[in-house]
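Student: When you get a sec, could you give me coordinates for this:
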Amino acid sequence: MTEVVTIWHNPDCGTSRNTLAMIRAAGIEPTVVEYLKAPPTREELAKAIADAGLTPRDVVREKGTPFAELGLDDPSVAGDAILDAMLAHPILINRPFVFASRGVRLCRPSEVVLEILPQPLTADFAKEDGAVVKAGAAL
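Tutor: Next up is the predicted model:
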């Protein structure tokens with residue numbers, strides 16, 4: 001049986017592109033969900049965050065988003081309010097999330113994906129910035 005791996009991907013994000021390329025370099029063709037075009041439901045987002053062992057504040061993206069203008073930089077803003085903001089503005093969802101039978105991870109840095117892939121890289125992988133991830137490496 002083939003392992004099903006899914007990535008919530010943003011093609012404009014270098015980390016997301018590197019993660020997708022690493023999954024493919026491991027011999028897996030994942031299901032790619034461009035979450036800005038097809039955002040998750042509240043339940044899907046909450047489950048992804050919980051399954052990754054994180055909180056909404058851990059996964060909210062600040063850079064290039066309406067994070068500050070929405071007042072999300074206030075530490076008293078509750079997780080549910082952050083989740084609501086991410087649903088209203090999917091660009092606030094940090095990326096990429098990867099889902100596999102071995103777990104769910106927010107893959108920042110992209111090498112985090114190696115923790116959950118069903119097989120390791122079989123050859124060294126060069127990221128877009130030239131950094132090399134060694135074959136068989138795992139975090």
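
Student: Which strands and helices lie in contact with the longest helix along the chain?
Tutor: When the chain is parsed with DSSP state H, its longest helix is helix 14-25. If you count contacts as 3 or more C-beta pairs under 8 Å, 6 or more residues apart in numbering; DSSP states H and E, helix 14-25 packs onto strand 6-9, strand 125-126. In short, each C-beta sits where N, CA and C put it, glycine included.

Student: which strands and helices sit next to the strand or helix carrying residue 87?
Tutor: Per DSSP states H and E, residue 87 falls inside helix 79-88. Secondary-structure packing of helix 79-88 (3+ C-beta pairs under 8 Å, 6+ apart): helix 42-51, helix 56-59.

Student: Which one of the ones you listed lies nearest to residue 6?
Tutor: Nearest of the helices and strands packed on helix 79-88 to residue 6, taken as C-beta to C-beta: helix 42-51 at 10.0 Å.
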